[in-house]
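Q: Here's my sequence, what's the structure:
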Amino acid sequence: MLAIFLAPVYILANVFTAYWLLRWMKEVHPLFRHPAVLGVILVLYAFFALSLLTSFLIKRDPVHRILKVISNCWLGMYLYFLGFTAILVLLRFIFAHTALTKTWLYSPMGLKAVGLGAILFVTGMCIYGMVHAVHIYTTRYEVPSKKDAHLKIALVADLHLGYSIGSHQMEEMVEKINAEEPDVVVIAGDIFDNEYDAIYEPDRVADLLTGLKSRYGTYACYGNHDLDEKILAGFTFETKEERIADRRFGEFLDRAKIHLLEDDVVCIDDAFYLAGRKDPDRIRKTQETRDTPSELLTGLDQSLPVFVIDHQPSELTELAEAGADLDLGGHTHDGQLFPGNILTGLMWENACGMKKVGDMYSIVTSGVGLWGPPMRIGTKAEVVIIDYGK
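A: Now for the predicted structure:
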């Protein structure tokens, strides 16, 4: 539904940016005023702008995969291009109604220089974002505990295996986790990016994940993207029909030796509990139910640590009151692209990092993978290492 609502907004935004791009190019050189040249520019612009739609409509590989990669890159660059264009047009409007019209900045030469500077800045920033996104950092937290337990937990989330994330990132992730020698590895949802077929060489990726080494193994819960759905510009379409998870998701996890917890609680080595929650967005589409925190954690031995894996960092107070000691989540990507990291902080009680809620600690990771644009600006991909009870 959101994708349909945003479609006319996207069209109007592209009319706006295309108009100012052409206006700037005409000022740069007379060649860009020739009808044939303008036609070529408009065709190229339309190709990239419409790649969000063509990648959705064309399903045959390799064309579909190529268009998906192009559309993801375009989306990230366009968001910044639109933002900078809007700022410059606003400044031009202010200049037009003040004495600043007499300054160099308002002149044709100023328009050329400012436009070129904006294009170079946006291009450079997006290239940086793409390079920065593929590097995985290690973030550490120490969580105190009154309970007699000391565990090292490796937390990752939002792998988004698909067009942008594959074997290269998983290999680096596995190496970083194994170097820490954790007691347990936790994957807090969004293992997949909606389309199983988007994963390049899925068997190889699964085999890489079997290389995760820990004392007690690897456990995971599903996230909202762990469901086969049609995606347009990163958004799904709401329907009244029941969604059925692609069985290959489960087969992949089995091959990767990842234990899936869906409203399940396991007591590991009589040392601690690990509970995995169903994702609220996912169960709405599959028409399932989800246990409340109290239903999920009732009857547990509270002398042992109780850890909860929950993709979305919600119901934190309820989890704390139900007896959870540590809630592990993801989903937010910490906004992924500036200023998204500022906006997510307004939307979530704990958008990223560690926060104490009652007697419970909530830790939310910015994730390993990416949503949509293959870039990170103002955020980082990370593996989180938690020393619990230190």
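Q: quick one, strands of this structure?
A: Counting by DSSP state E, the chain has strands at residues 136-143, 151-156, 184-188, 218-221, 231-232, 235-236, 258-260, 264-268, 272-276, 306-309, 326-329, 353-357, 360-364, 381-388.
Q: Relative to V205, which of these is closest?
A: strand 258-260 (11.8 Å; C-beta to C-beta). C-beta here means a position set from N, CA and C on the backbone, and glycine is covered the same way.
Q: which parts of that closest one are buried?
A: 258-260 (16 or more other C-beta atoms under 10 Å).
Q: Export those residues as TSV, with columns for pLDDT and distance to H168.
A: Shown next, in TSV, are the buried residues of strand 258-260 (pLDDT from 0 to 100; distance: C-beta to C-beta, whole Å):
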residue	pLDDT	distance to H168
I258	98	19
H259	98	25
L260	98	25
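Q: With distance to A96 added, can I get those residues in a markdown table?
A: Below are the buried residues of strand 258-260 laid out as a markdown table (distance: C-beta to C-beta, whole Å):
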| residue | distance to A96 |
| --- | --- |
| I258 | 59 |
| H259 | 63 |
| L260 | 60 |
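Q: still on that earlier bit, and the strands of the chain, which one is worst for confidence?
A: Lowest mean pLDDT within those: strand 235-236, at a mean of 64.
Q: which residue packs closest to V89, ignoring adjacent ones?
A: Leaving aside its sequence neighbours, V89 sits nearest to W20 (C-beta to C-beta, 6 or more residues apart in numbering; 6.4 Å).
Q: Wait, the one you found touches A86, no?
A: No: the pair W20 / A86 is not scored as a contact, 9.4 Å apart, by C-beta atoms under 8 Å.
Q: Tell me which of those two has more neighbours.
A: W20 (17 against 14; other C-beta atoms under 10 Å).
Q: Tell me which residues touch the residue nearest to V89, please.
A: 85, 88-89 (C-beta atoms under 8 Å, 6 or more residues apart in numbering).
Q: same deal with V364?
A: Taking C-beta under 8 Å, 6+ apart as the test, what V364 contacts is 313, 329-332, 348, 350-353.
Q: got a winner among the contacts of W20 for most neighbours?
A: Tallying neighbours with other C-beta under 10 Å puts T85 at the head of these, with 23 neighbours.
Q: re earlier: want to try a markdown table for the contacts of V364, with distance to L209 and neighbour count as columns?
A: As requested, the contacts of V364 are exported to a markdown table (distance: C-beta to C-beta, whole Å; neighbours: other C-beta atoms under 10 Å):
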| residue | distance to L209 | neighbour count |
| --- | --- | --- |
| P313 | 24 | 25 |
| G329 | 20 | 29 |
| G330 | 17 | 31 |
| H331 | 20 | 27 |
| T332 | 23 | 26 |
| W348 | 28 | 18 |
| N350 | 27 | 20 |
| A351 | 27 | 22 |
| C352 | 24 | 25 |
| G353 | 26 | 15 |
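Q: What separation do you get for the residue nearest to V89 and F84?
A: According to C-beta to C-beta, to the nearest Å, W20 and F84 sit 10 Å apart.
Q: ditto for M77
A: Distance from M77 to F84, by C-beta to C-beta: 11 Å.
Q: quick one: common contacting residues for the two?
A: Residues touching both M77 and F84 by C-beta under 8 Å, 6+ apart: V122.
Q: Please tell me how far the nearest residue to E195 once chain neighbours are set aside sits from G372.
A: Nearest residue to E195, sequence neighbours excluded (C-beta to C-beta, 6+ apart): G162, at 6.0 Å. G162 is 11 Å from G372, where distance means C-beta to C-beta.
Q: For the stretch 1-150 of the chain, which residues score under the pLDDT cut-off?
A: 1-4, 99-106 (pLDDT under 70).
Q: Please, where are all the helices along it?
A: Using DSSP state H, counting those that start in this stretch, the helices of the stretch 1-150 of the chain run over 2-28, 35-49, 51-57, 63-96, 108-133.
Q: Can you report how many residues neighbour F5?
A: Number of residues near F5 (other C-beta under 10 Å) recorded here: 9.
Q: hmm, back to that, among the contacts of V364, pick out the one closest to L44, please.
A: Using C-beta to C-beta, T332 comes nearest to L44 of the contacts of V364, at 34.8 Å.
Q: Need the pLDDT of the closest one.
A: Looking at T332, its pLDDT stands at 98.
Q: The one 5 residues further on too?
A: L337 carries a pLDDT score of 96 in this model.
Q: so how many other residues sit close to it?
A: Neighbour number of L337 under other C-beta under 10 Å is 25.
Q: what's the distance between the closest residue to it other than its chain neighbours and G389?
A: Among residues not flanking L337 along the chain, I377 sits closest, at 5.2 Å (C-beta to C-beta, 6+ apart). Plainly put, I377 is 36 Å away from G389 if you go by C-beta to C-beta.
Q: Same check on H311?
A: Distance, H311 to G389, using C-beta to C-beta: 24 Å.
Q: Settle it for me: which of those two has more neighbours?
A: H311 (30 against 18).
Q: how far does stretch 27-40 sit from the chain's center?
A: Here the centre of stretch 27-40 is set off from its chain's centre by 39 Å, with C-alpha atoms, centre = their mean, to the nearest Å.
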